[in-house]
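>>> Okay, predicted coordinates and the sequence, questions at the end:
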Amino acid sequence: MLHIVWQRTKGFLHRASTLILACAVVIWFLLAIPAYPGAGTFSDVEIGDSLFGAVSKIIAPVFAPAGFDHWEATGALITGMVAKEVIVGTLNQVYLDGSAADAPEEAAPTLGEEVGGIITAFGEAVALTAQEAVNIVPRTVNLVPGVALPEARFVETAGEDEGGTALEAALTTRFTPLAAVAFNVFVLLYVPCMATISVMRMEFGRRWTWHLIAYNAVVAWVVAVAVFQIGTLLGLG
């Protein structure tokens, strides 16, 4: 049994790592290559002017019925196929790229400061995750006009005194609350990460894997559109 488990695990690691690496390389090239002459040089181009931005702009109109037909959201969904958690990093890079360019240089931290910072950040992340899980209920109920349930605030986040983080401020200019809900619904339902797709391919074969990918994408789109359109009819937008 241990031998079978090892063979399965070894096969998964080999297939998944190869697929993830290939997708990461493709996305990197899309980000590095200018979409048109004069947009920049290789590996020195604005995201919106790269092939990645061009492809995202072509796909973006598909999500118009769901309320988020801007290329930044579409680009985040593309990178999210590698791993869902990459979506936030992509949005941060798209909206805030270069925002810290003028920040003053700081001295390199010591090893003790690095370790302490990691432990502190992990503790804050755990507490913040618990806080956000609790706030799912009031934030969902508050979508109803006239309802204003208080949210939990036992963890202070950076930038909260100024009305939220820089990324939050940027996202509120591009997403309406209802469109943000539809976007999150799509993220939860669409194509799983590449590691999962690799397992699907190993277990079901290439043909059924493509069928499942298409099925997940269609279901995610239909549900996201339904959330946005029904919410708009109810005046929640």
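Yep, that arrived. Numbers count the residues shown, from 1 in each chain.
>>> other SSEs contacting the longest helix that the chain contains?
Longest helix in the chain, counting residues (DSSP state H): helix 2-32. Applying 3 or more CB pairs under 8 Å, 6 or more residues apart in numbering; DSSP states H and E, one finds that helix 2-32 contacts helix 51-59, helix 194-204. Bear in mind the C-beta positions are built from the backbone N, C-alpha and C, glycine included.
>>> Look at the spatially most central residue of the chain and give its secondary structure.
Against the mean C-alpha coordinate of the chain, by CA atoms, centre = their mean, the closest residue is Ile87 at 1.6 Å. Of the three states, Ile87 takes helix under DSSP: H, G, I helix; E, B strand; the rest coil.
>>> can you tell me how far it sits from Tyr190?
Remark: distance between Ile87 and Tyr190 (CB to CB, to the nearest Å) = 11 Å.
>>> shared neighbours, these two?
Common contacts of Ile87 and Tyr190, defined by CB atoms under 8 Å, 6 or more residues apart in numbering, comprise 77, 80.
>>> all strands for the chain, in order.
Under the criterion DSSP state E, the chain carries strands at the ranges 40-41, 44-45.
>>> re the thing from before, who are the neighbours in contact with the residue nearest to the centre of the chain?
Contacts of Ile87 by CB under 8 Å, 6+ apart are 76-77, 79-80, 187.
>>> Can you get me a residue count around Tyr215?
11 (other CB atoms under 10 Å).
>>> Likewise for the one 3 residues further on?
As a burial measure, the neighbour count of Val218 was computed by other CB under 10 Å and equals 12.
>>> And Thr196, by the same measure?
13.
>>> measure it to Ile27 for me?
From Thr196 to Ile27 the distance is 17 Å (CB to CB).
>>> repeat for Gln7
31 Å.
>>> Neighbour count for the two, which is higher?
Per other CB under 10 Å, whichever of Gln7 and Ile27 has more neighbours is Ile27, with 18 against 10.
>>> so that one touches Thr79, yeah?
Yes - look at Ile27 against Thr79 with CB atoms under 8 Å: they come within range, at 5.8 Å.
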